[in-house]
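In: Kindly generate the corresponding structure for this input.
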Amino acid sequence: MLRALQIRNFALIENAEIELGEGLNVLSGETGAGKSILIQALDLLLGGRGSSELIRQGEDESEVTGLFVRGADEVSLRRVISRSGKNRAYLNERPVPVSVLEQSGRELVDLAGQHEHQVLLDQDRHLTLLDEFAGFGADSALDRYRSEYAAYTSLAGQRRDLEAKARESREREEFLRFQLREIGEAAVRPGEEEALLQEKDVSKHAVRLREAGVRAEEALESGEDAVLQRVSRVAKDIRQASQLDGGLSETAARLDAALCELQDVARYLGAYGERVSCDPERLQAVEDRLALIARLKKKHGGTVEALLEKEKELRQGLALLDDFEGEASRIDAEIAAHEKKMLRLAREITQARQKAAGDLEVKIIRELKDLGMSSAKFTVSLKPLKSGAPAGGVFLGDRGADEGEFLVAPNMGEGMHPLAKIASGGELSRVFLAIKKVLGVVRGAETCVFDEVDSGIGGRIAEVVGRNLAEMARRRQVLCITHLPQIACYAAHHFMIRKETEKGRTHTKVQRLQTVQREEEIARMLAGVKVTDQAMAHAREMLKSAGNQQ
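Out: The predicted structure follows:
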């Protein structure tokens, strides 16, 4: 609950501290005294829009602080707005973004002013409220459905990604297969390019090479006074000499070996000279092959190694494409299994909602009659979703197969309309109060604020509203701004807001009223400016009837 609210330099409030209590807290005061300023300050604290126009004239900053009690814990919210634009927000005195303050505030307070009933005016929240009334909790059909839906949406996302990849691959498949076919048909082998370059050089210089081979062979063996003849003579002389000097035996053997080696070289060069030729067709074939290899290297990485790696990648990619269908079938089977479970749970949820809707309608209509809206009608419109995940002839969303909306006909003869279409602020406030009372704690917030809940009502209906607020305040803290004594008399804590002028400046002050002061304020609310003895007596009687006086 909200234990204390401190406001500094906010609009007409210079400095105000309000210590609130459990139960029903009422704020009253004359028209124009500044009751709405308190709601504005609280709205700012709970993450509302900050503006320099809210800063008290002559001051640089405005600050609103709220101390909340939740169980055994205390929670502090603070909001500072500055003319310099350096606005700040604090949660337990730690700087936080305004969005964090707003989220925390939403959990602590329901702020409900005229046309500010955001929870109830938001159609998207109606189904959630109905589900709370229906008692869907942990491990309920709705909880199990959401688990199935989360798994379903994850798989559906995988399926979409798979389809996108398959579509992209199919669009490129022909090109990929062309690339693979081109590389595959070329059948380039490691080292082939180097061998072809060598063959090309040999073919281009065949005449010179043949002549070199022939000349070398003649010089070594077949020509006049060839090297082999001379070496043969030398080898023979040394072989004979070695018979006289054994020390020359090794040298003689080496000469014989050299002679054999020269004979082999001469025969190879002779054969080489005869073999080397310039075949124009073969040379063209070699050059064409080298050009093909060069073209493929340029397209696929610049080297034969990169070309071969590209061929490997293309084969793997096309194999993956061929496997897409199998993966898609697996995912589709899982999706179908989840859809079956979701449909069964969705039907169970719809049946529970229909029953809860009927009970909710009866209870809220009863409350509306007590609040003076005897001809009002209230219904929960449950309809199948118009969009979502198609399954079994219906659409499924994250909350099942339904969409829901609260509809009201405030007066006899009127058609059913959404809550946001209710023109009268008083009627909307009473509808809000009736729904709040039936639903209990709508958002889990322990404090509920009502502004102008008494708009357009009076007499007996005002007394009924007061009793309803007091009854609600038994379960949670209620803060209500009112101008009606029939409501104020039910307060457990009564505050009066008034304007004062000091030194040429207007100030809004907040005063907590004690017993006699309460009697005087309620008498003022009954009689107006001139408080009579009769009004005082009436005020005491009202307080006594409401149980607020001994």
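In: thought V75 was touching G105?
Out: No - the pair V75 / G105 is not scored as a contact, 9.7 Å apart, by C-beta atoms under 8 Å. Where C-beta positions appear, they are placed from N, C-alpha and C, glycine not excepted.
In: These two: which has the busier surroundings?
Out: Legend: neighbour count by other C-beta atoms under 10 Å for V75 and G105, higher for G105 (25 against 17).
In: so where's the stretch 401-550 of the chain shaky on pLDDT?
Out: 423-426, 440-444, 452, 549-550 (pLDDT under 70).
In: What ranges does it have for its strands?
Out: Ranges of strands within the stretch 401-550 of the chain are 402-409, 417-418, 447-451, 477-481, 493-502, 505-512, based on DSSP state E, counting those that start in this stretch.
In: Only the buried residues of the longest one, if you could.
Out: In other words, strand 493-502. 493-497 (16 or more other C-beta atoms under 10 Å).
In: just the last one next, same as before
Out: Of the residues in strand 505-512, those scored as buried under the neighbour-count criterion (16+ other C-beta under 10 Å) are 507-510.
In: I'd guessed I183 sits against E309; true?
Out: No - the pair formed by I183 and E309 falls short of the contact definition of C-beta under 8 Å, at 10.5 Å.
In: When the two are compared, which one has more neighbours?
Out: I183 (20 against 13).
In: Output the contacting helices and strands for the helix or strand harbouring that one.
Out: Assessed by DSSP states H and E, I183 sits inside helix 141-186. Packing contacts for helix 141-186, counted by 3 or more C-beta pairs under 8 Å, 6 or more residues apart in numbering; DSSP states H and E, involve helix 280-299, helix 304-370, strand 389-391.
In: Which strands border the helix or strand just after the shortest one, and is each parallel or antiparallel?
Out: So the one you mean is strand 389-391. Next helix or strand after strand 389-391 toward the C-terminus (DSSP H and E): strand 394-396. If you go by DSSP bridges, strand 394-396 pairs up with strand 389-391 (antiparallel).
In: Would you indicate which residues of the partner strand are buried?
Out: Within strand 389-391, the residues scored as buried using 16+ other C-beta under 10 Å are 389, 391.
In: what residues does that strand touch?
Out: 152-153, 156, 339, 342-343, 395-397 (C-beta atoms under 8 Å, 6 or more residues apart in numbering).
In: Would you mind checking the average pLDDT for that strand?
Out: Mean per-residue pLDDT for strand 389-391: 90.
In: Now do it: distance to the chain's middle.
Out: Its chain's C-alpha centre and that of strand 389-391 lie 23 Å apart, by C-alpha atoms, centre = their mean, to the nearest Å.
In: can you check stretch 462-480 too?
Out: In terms of C-alpha atoms, centre = their mean, the centre of stretch 462-480 is found 39 Å from the chain centre.
In: And the contacts of that stretch?
Out: Contacts of stretch 462-480 (C-beta under 8 Å, 6+ apart): 1-2, 20-27, 367, 370-372, 430, 433-434, 436-437, 440-441, 445-451, 453-454, 457, 484, 486-492, 546.
In: Now, of those, which are buried?
Out: Among those, those classed as buried by neighbour count (16+ other C-beta under 10 Å) are 1-2, 20, 22-27, 367, 370-372, 430, 433-434, 436-437, 445-451, 453-454, 457, 484, 486-492, 546.
In: In helices, which of those appear?
Out: 367, 370, 430, 433-434, 436-437, 486-488 (DSSP state H).
In: L196: which of these is nearest?
Out: Closest approach between those and L196, by C-beta to C-beta: K436, at 89.9 Å.
In: Test my guess that the closest one contacts V449.
Out: No - using C-beta under 8 Å, K436 is not in contact with V449; the gap is 11.3 Å.
In: picking up where we left off before, closest to S147 out of the buried residues of strand 505-512?
Out: Looking at the buried residues of strand 505-512 and their distance to S147, the nearest is V510, at 49.3 Å (C-beta to C-beta).
In: how near is the closest one to D454?
Out: 19 Å (C-beta to C-beta, to the nearest Å).
In: and if you look at R254?
Out: 130 Å.
In: likewise I435?
Out: According to C-beta to C-beta, I435 stands 17 Å off from D454.
In: A187 too?
Out: From A187 across to D454, the span is 93 Å (C-beta to C-beta).
In: Then P384?
Out: From P384 across to D454, the span is 40 Å (C-beta to C-beta).
In: and what of G105?
Out: 25 Å.
In: same thing with A306?
Out: A306 sits 83 Å away from D454, going by C-beta to C-beta.
In: Distance check, the residue located most distally from the centre of the chain against I238.
Out: No residue in the chain sits farther from the centre than L244, which is 105.7 Å out by C-alpha atoms, centre = their mean. Going from L244 to I238 by C-beta to C-beta gives 11 Å.
In: again, but for K35
Out: K35 is 135 Å from I238, where distance means C-beta to C-beta.
In: Compare those two (neighbour count), which wins?
Out: Shown here are K35 and I238; by other C-beta under 10 Å, K35 has more neighbours (22 against 18).
In: For the more buried one, which residues are in contact?
Out: Residues in contact with K35, defined by C-beta under 8 Å, 6+ apart, are 27-29, 451, 481, 497.
In: re the thing from before, any chance of the buried residues of strand 493-502 in CSV, plus distance to D131?
Out: CSV is the format used below for the buried residues of strand 493-502 (distance: C-beta to C-beta, whole Å):
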residue, distance to D131
H493, 34
H494, 37
F495, 37
M496, 41
I497, 39
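In: Of those residues, which pair is most distant in space?
Out: By the measure C-beta to C-beta, the buried residues of strand 493-502 have their two most distant members at H493 and I497, which lie 13.6 Å apart.
In: joint contacts of these two?
Out: Contact with both H493 and I497 is made by no residue, according to C-beta under 8 Å, 6+ apart.
In: helix, strand or coil for N15?
Out: strand (DSSP: H, G, I helix; E, B strand; the rest coil).
In: wouldn't it be in contact with I7 here?
Out: Yes - with contact defined as C-beta under 8 Å, N15 reaches I7; the gap is 7.4 Å.
In: Between these two, point out the one with more neighbours.
Out: I7 (27 against 13).
In: wait, is the more buried one part of a helix?
Out: No - counting by three-state DSSP, I7 is not part of a helix but strand.
In: Wait, it touches Q40, no?
Out: No - assessed by C-beta under 8 Å, I7 is found out of contact with Q40, at 9.7 Å.
In: what's the closest residue to K363 other than its chain neighbours in contact with, if anything?
Out: Excluding the flanking residues, the one nearest K363 by C-beta to C-beta, 6 or more residues apart in numbering is V438, at 4.7 Å. V438 makes contact with 133, 360, 363-364, 367, according to C-beta under 8 Å, 6+ apart.
In: Kindly indicate which of the residues you listed lies nearest D264.
Out: Looking across those and measuring by C-beta to C-beta, the closest to D264 is F133, at 107.4 Å.
In: neighbours around F324, how many?
Out: For F324, the number of neighbouring residues by other C-beta under 10 Å comes to 16.
In: L248: how many residues sit nearby?
Out: Neighbourhood size, L248 [other C-beta under 10 Å]: 16.
In: got the contact list for it?
Out: Taking C-beta under 8 Å, 6+ apart, we find L248 in contact with 238, 241-242.
In: what's the answer for Q6, then?
Out: Q6 makes contact with 16-18, 63-66 under the criterion C-beta under 8 Å, 6+ apart.
In: which ones among those residues are found in strands?
Out: If you go by DSSP state E, these have 16-18, 63-66 in strands.
In: Neighbour-wise, which one of the residues you listed leads?
Out: Going by other C-beta under 10 Å, V64 tops the ones in strands among the contacts of Q6 with 27 neighbours.
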